[in-house]
Structures are given as C-alpha cells and as structure tokens.
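In: sequence and predicted model, in that order:
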Amino acid sequence: MTATIEELNTQLAATQTRAEHVAQVWGRDSAQVRPAAGESATQYRKRMLEKFRPLSAAWKDANVSSIADPKLLAIAEKQIFADAERAARDPRNFERGTLREVIEPDRAGRRISKFIGHEGTCWDRFGLPLLKVAALKTGGR
C-alpha cells in the first residue's frame, strides 16, 4: 500500500515540527533541520534520524537509512526524537557554566522561556561566601 501525496506531506510536516523542536532544545538553528529541495518525505525522515541517532542509546549503532518498513521507521523516529530531547534536558550533557534557553508554548499559546543547565551558572554569583568555623568557645574555661 503506497501513501498518498497528502499523507506524505503530513508525515514530512510532522517530522519537521518534531526535528525543529529537538534542534531548538539543543540550542541549534532550526534551519539545520529543514527539508532539502527535492528531498522526499522518507529521505528527509531518515536524514533527521541519522542526525539525532547518536543521542539514542537504543539506536546509536543502527543503520536507520537502510530501514525499508514504514512502520519500523515510525517506531525509530518516535524513539530517537524522544531520546534526543531527553538527552538535551539532562544537565550531565552541559558544560559547566552553560545554560540553554528553551522556548515552549503553554496551553494558551504563549511562549514560555525555560533554561536548562547547571543552576549554579545563574545563581552562584548571588550566594554568600562559605564561612569556616575556626574554633568554638564554650563557657569561660
């Protein structure tokens, strides 16, 4: 069963939306994940999966470009994008001193900025210096 042009365009748009979101969470320009001129929906999906595949523990060693089954490709796409987004939000994947802005819409459609990274990057400068107790005097003895 072959997909109609409308179904392929819907798949391409869904993949592009998801890829742009994951790229944005990683702090990358969404222009890096746009479909290339003349690229089919399947080619685009596989290219995006190859781009984010190293961030997925389950798929990092797989050859997603050789997947021929559309259902398997959909499973890979869902898992790879979810793993890539999860990795982007993991503070262990940030260099010390780095914060990354992520803009997400709320239920009303407003754009909400959230920052991911080491909280000390932002807040350490407001902390008091640590004090050290040199001695304790008790009573008059």
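Out: Received, thanks.
In: now do the contacts for the residue most central in space within the chain.
Out: In the chain, the residue lying closest to the centroid (CA atoms, centre = their mean) is Glu85, at 3.0 Å. Going by CB atoms under 8 Å, 6 or more residues apart in numbering, Glu85 touches 21-22, 25. C-beta coordinates here come from the backbone N, C-alpha and C atoms, glycine included.
In: need the longest helix for this structure.
Out: Longest helix of the chain, by residue count under DSSP state H: helix 5-25.
In: which residues sit against that helix?
Out: Contacts of helix 5-25 (CB under 8 Å, 6+ apart): 3, 29-30, 32-35, 40-42, 44-45, 48, 51-52, 77, 81, 84-85, 88-89, 100, 102-103, 116.
In: which residues are in contact with whatever helix or strand comes next after that helix?
Out: Next helix or strand after helix 5-25 toward the C-terminus (DSSP states H and E): helix 41-52. With contact meaning CB under 8 Å, 6+ apart, helix 41-52 is reached by 8-9, 11-12, 15-16, 19, 22, 33, 35-36, 39, 59, 64-65, 67, 70, 73, 76-77, 80-81, 83-84.
In: list the buried ones in stretch 61-73?
Out: 64, 67, 73 (16 or more other CB atoms under 10 Å).
In: hmm, who's touching the helix or strand of the chain with the lowest mean pLDDT?
Out: When each helix and strand of the chain is scored by mean pLDDT, DSSP states H and E, helix 120-123 comes last, with a mean of 78. If you take CB under 8 Å, 6+ apart as the criterion, helix 120-123 is touched by 96-99, 115.
In: rerun that using 7 Å as the cut-off
Out: 97-99 (CB atoms under 7 Å, 6 or more residues apart in numbering).
In: the residue nearest to the centre of the chain - that's part of a helix, no?
Out: Yes: assessed by DSSP: H, G, I helix; E, B strand; the rest coil, Glu85 belongs to a helix.
In: how much space between it and Ala23?
Out: Distance, Glu85 to Ala23, by CB to CB, to the nearest Å: 10 Å.
In: returning to that earlier point: let me know the closest of the buried residues of stretch 61-73 to Asp124.
Out: Ranked by distance to Asp124 (CB to CB), the buried residues of stretch 61-73 are led by Val64 at 40.9 Å.
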